[in-house]
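J.: predicted model, plus sequence, below.
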Number of protein chains: 2
Amino acid sequence: MAKEIEKNNSRAADEVVRCLAAKIQAGDYPDGSPLPAERSLMEEYNISRTVVREAVQALSRQGLLQARPRYRPVVRKPGYDAAISALENVVTHLLNDHAGVRNLFDTRIMIEVSLVRHAATHADKNDIAALNAALAENEAAIPDSDLFYQTDKAFHAVLYDIARNPVLPAIHRAYATWLEPQWSQMPRLPERNAENYQAHRRIYDAILLRDPDLAEQCLREHLTSAWEQVCRTFGEKP
Amino acid sequence: MAKEIEKNNSRAADEVVRCLAAKIQAGDYPDGSPLPAERSLMEEYNISRTVVREAVQALSRQGLLQARPRYRPVVRKPGYDAAISALENVVTHLLNDHAGVRNLFDTRIMIEVSLVRHAATHADKNDIAALNAALAENEAAIPDSDLFYQTDKAFHAVLYDIARNPVLPAIHRAYATWLEPQWSQMPRLPERNAENYQAHRRIYDAILLRDPDLAEQCLREHLTSAWEQVCRTFGEKP
DNA sequence: TTCCATTTTTGGTATGACCAAGATGGGTTG
DNA sequence: CAACCCATCTTGGTCATACCAAAAATGGAA
């Protein structure tokens, strides 16, 4: 009851936001369909267009709507990727300094260490097969740096999939997106690719051996080496 | 050059957003100070108040401004907590179903496992002392469930601090915030507190023994038990 | 100096208008 | 008949203005 009083404290748009969000989640309106026109929402809720636009803007910034500039906002049911995309702007600021990148990269190391340990103890035949396939494509792509980058991501993606937690692949995509600028400026050489492939293979072998400690060690060496490469490229100290 | 054309495609507010964001990051305007009044921004940028408000809303949703309903927006330099708070709304939706909560909780287990393993191998004297102190307060709070909850969080917080990565404490606060609703509905009994305290102690002991595997096992048992408690409370299957 | 009442400032909302770019529909053309 | 093009309507983006209520500033009284 105190709650209503607090909320009464201005913010007419908030109620509309909640209502629309509820409707989106309830399936009415369906995912992928355009939102009703602002002018019709405005009379549906008995509010001014100002408020409608504020609500729409809020929802789109939350990732529940995809609002291209001149087009009708499109409903996008909230997924883990939507959550991640909400972070994008702030993360951009945090990545402005080297320490920020380092901190983010450290969390990636931490997570991937967990993933390979988990894989080394829990991976089933299908997981192993997926890793193997990714590894093969990775090897085949050594001469083509662009393609190698894709297969590199794909190999790591398999690791994120093994845990069967839909949050993790979203996190992986986030890392890939956020750290992309760093990577894209780095020189890409086939010999470097071969090195990375060997690292992937060692990780894979350790998982096959069901040795989490070894897998962790290999993964750490792999990512640490990648980080040192980044530092050399940007002339920063590790 | 194509970029300008794309951006010219509407979005007058975006430029203002970028400009204001830059000024915030540059220190002009200083952190914690209120933003200029809308009407003055409006003449500074030669735009209508509509656009000013849109920009302010955008910035506040990104966490660069803290905009209470009726007050002047306050500048808040982007930190890791700001990033997390940007997630809040979407996460709320994701937590609507049991599976979402489970997925989130699993990531917490994963992260904390990494943390205790790290602590077991790298914690220094100060870290141990901090853990010890948190543990003592935790024990003392067993009879008082509210206080126990605080000290419980504090104990886990120490774990998040040991890795010396500012991202992690922010993540911890996020978990605490997001999972709070689940916890707050659970019965809090001193005997349950005592159980949790014992679990904390076992984790601490394992860290003291420098045994990452044991620490991981204790942590897993602790969190798994907590999860089962949640499931019993809400009548869900694990 | 402290405190309260008044005035000013400022954020929240409503209206109405205009523009330009998408969406629509009907007529023309191959 | 289908593909194409232009006139038109629709709709999102922006602006200007006005009003209200709450916050902040101000000034006078105790």
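T.: It's in.

J.: so A:D31, which of the three states?
T.: Applying DSSP: H, G, I helix; E, B strand; the rest coil to A:D31 yields a three-state assignment of coil.

J.: how about the residue nearest the centre of chain A: what's its closest non-neighbour residue?
T.: Geometric centre of chain A, nearest residue: A:A174, 2.3 Å, by Cα atoms, centre = their mean. Nearest non-adjacent residue to A:A174, counting by Cβ to Cβ, 6 or more residues apart in numbering or on different chains: A:I84, 4.3 Å away. For the C-beta atoms, the positions are set from N, CA and C on the backbone; glycine is no exception.

J.: check contacts around that neighbour.
T.: When contacts are counted by Cβ atoms under 8 Å, 6 or more residues apart in numbering or on different chains, A:I84 touches A:170-171, A:173-174.

J.: widest-spaced pair of those?
T.: A:I171 and A:R173 (7.4 Å; Cβ to Cβ).

J.: strands of chain A, start to end?
T.: A:65-66, A:74-75 (DSSP state E).

J.: ok, and the closest non-adjacent residue to A:Q217?
T.: A:Q217's closest residue in space is A:A206 (Cβ to Cβ, 6+ apart), at 7.7 Å.

J.: and the one you found, what does it touch?
T.: Applying Cβ under 8 Å, 6+ apart, the residues near A:A206 are A:116, A:120, A:214-215, A:217-218.

J.: show me what the longest helix along chain A is packed up against.
T.: Using DSSP state H to define each element, chain A has its longest helix at helix A:98-122. Helix A:98-122 is packed against helix A:80-94, helix A:145-162, helix A:167-184, helix A:190-208, helix A:212-234, helix B:98-122, helix B:167-184, with contacts defined by 3 or more Cβ pairs under 8 Å, 6 or more residues apart in numbering or on different chains; DSSP states H and E.

J.: let's see that with 6 Å instead.
T.: helix A:190-208, helix A:212-234, helix B:98-122 (3 or more Cβ pairs under 6 Å, 6 or more residues apart in numbering or on different chains; DSSP states H and E).

J.: what's the closest of the ones you listed to DNA strand C?
T.: helix B:98-122 (29.9 Å; Cβ to the nearest atom of the strand).

J.: so which bits of that closest one are buried?
T.: B:100-101, B:103-120 (16 or more other Cβ atoms under 10 Å in any protein chain shown).

J.: and of the strands of chain A, who's closest to A:A154?
T.: Among the strands of chain A, if distance is taken as Cβ to Cβ, the winner is strand A:65-66, at 25.7 Å.

J.: which one is A:T224 nearest to, not counting chain neighbours?
T.: A:I109 (7.7 Å).

J.: near DNA strand D, which of the buried residues of helix B:98-122 show up?
T.: For DNA strand D, no contacts are drawn from those by Cβ under 7 Å from any atom of the strand.

J.: I figured A:L115 hits A:V158, correct?
T.: No: using Cβ atoms under 6 Å as the test, A:L115 is too far from A:V158 to be in contact (9.6 Å).

J.: what residues does chain A put near DNA strand C?
T.: Checking chain A against DNA strand C by Cβ under 7 Å from any atom of the strand, the hits are A:10-13, A:46-51, A:54, A:70-72.

J.: quick check: the nearest residue to A:N138 once chain neighbours are set aside vs DNA strand D, distance?
T.: Nearest residue to A:N138, sequence neighbours excluded (Cβ to Cβ, 6+ apart): A:T151, at 4.2 Å. In this view, A:T151 and DNA strand D are 38 Å apart by Cβ to the nearest atom of the strand, to the nearest Å.

J.: and if you look at A:D81?
T.: 22 Å.

J.: ok, A:L65 next?
T.: 11 Å.

J.: that residue contacts A:L59, doesn't it?
T.: Yes: using Cβ under 6 Å, A:L65 makes contact with A:L59 at a distance of 4.5 Å.

J.: care to break chain A down by domain?
T.: A:2-75, A:82-234 (automatic domain parsing).

J.: what is the neighbour count of the closest residue to A:L135 other than its chain neighbours?
T.: Residue nearest to A:L135 in three dimensions, not counting chain neighbours: A:Y204, with 5.4 Å by Cβ to Cβ, 6+ apart. A:Y204: 23 surrounding residues under other Cβ atoms under 10 Å in any protein chain shown.

J.: any idea of the pLDDT on A:Y204?
T.: We have a pLDDT of 98 for A:Y204.

J.: repeat that for A:E4.
T.: We have a pLDDT of 37 for A:E4.

J.: flag every buried residue along stretch A:56-73.
T.: A:56-65, A:67, A:73.

J.: nope, stretch A:185-204 is what I was after
T.: In stretch A:185-204, counting by 16+ other Cβ under 10 Å, buried: A:192-193, A:195-197, A:199-200, A:202-204.

J.: would you mind listing what in chain A touches chain B?
T.: Residues of chain A found near chain B (Cβ under 6 Å from any Cβ of the partner chain) are A:9-11, A:61-63, A:69-70, A:78, A:82-83, A:86-87, A:89-90, A:93, A:103, A:106-107, A:110, A:114, A:165, A:167.

J.: OK, contacts around A:I207?
T.: By Cβ atoms under 6 Å, 6 or more residues apart in numbering or on different chains, the residues touching A:I207 are A:119-120, A:123, A:215.

J.: from those, which two are the most distant?
T.: Pairwise over the contacts of A:I207, using Cβ to Cβ, the maximum falls at A:A123 and A:A215, 10.0 Å.

J.: more neighbours: those two, which one.
T.: A side-by-side neighbour count of A:A123 and A:A215, using other Cβ under 10 Å, places A:A215 first with 27 against 21.

J.: quick check: closest non-adjacent residue to that one.
T.: A:A206 (3.7 Å).

J.: kindly report the same for A:V90.
T.: B:A83 (4.2 Å).

J.: and that neighbour, how far is that from DNA strand C?
T.: 23 Å.

J.: list just the nearest of the buried residues of stretch A:56-73 to DNA strand D.
T.: A:A67 (6.1 Å).

J.: my read: the closest one touches A:P73, true?
T.: Yes: assessed by Cβ under 6 Å, A:A67 is found in contact with A:P73 at 4.2 Å.

J.: which residues are in contact with each of those two?
T.: Joint contacts of A:A67 and A:P73 (Cβ under 6 Å, 6+ apart) are A:S60.

J.: so how far is stretch A:184-198 from its chain's centroid?
T.: Centre-to-centre, stretch A:184-198 and its host chain are 23 Å apart (Cα atoms, centre = their mean, to the nearest Å).

J.: apologies, that question was intended for stretch A:194-214.
T.: The chain centre lies 24 Å from the centre of stretch A:194-214; the measure is Cα atoms, centre = their mean.

J.: next: stretch A:107-119.
T.: Chain-centre distance of stretch A:107-119: 15 Å, with Cα atoms, centre = their mean.

J.: tell me how far the residue nearest to A:A215 lies from B:D14.
T.: Per Cβ to Cβ, to the nearest Å, A:A206 is found 47 Å from B:D14.

J.: A:H172 too?
T.: 28 Å.

J.: those two: which has the busier surroundings?
T.: More neighbours surround A:H172 than the other of A:H172 and B:D14, with 22 against 15 (other Cβ under 10 Å).
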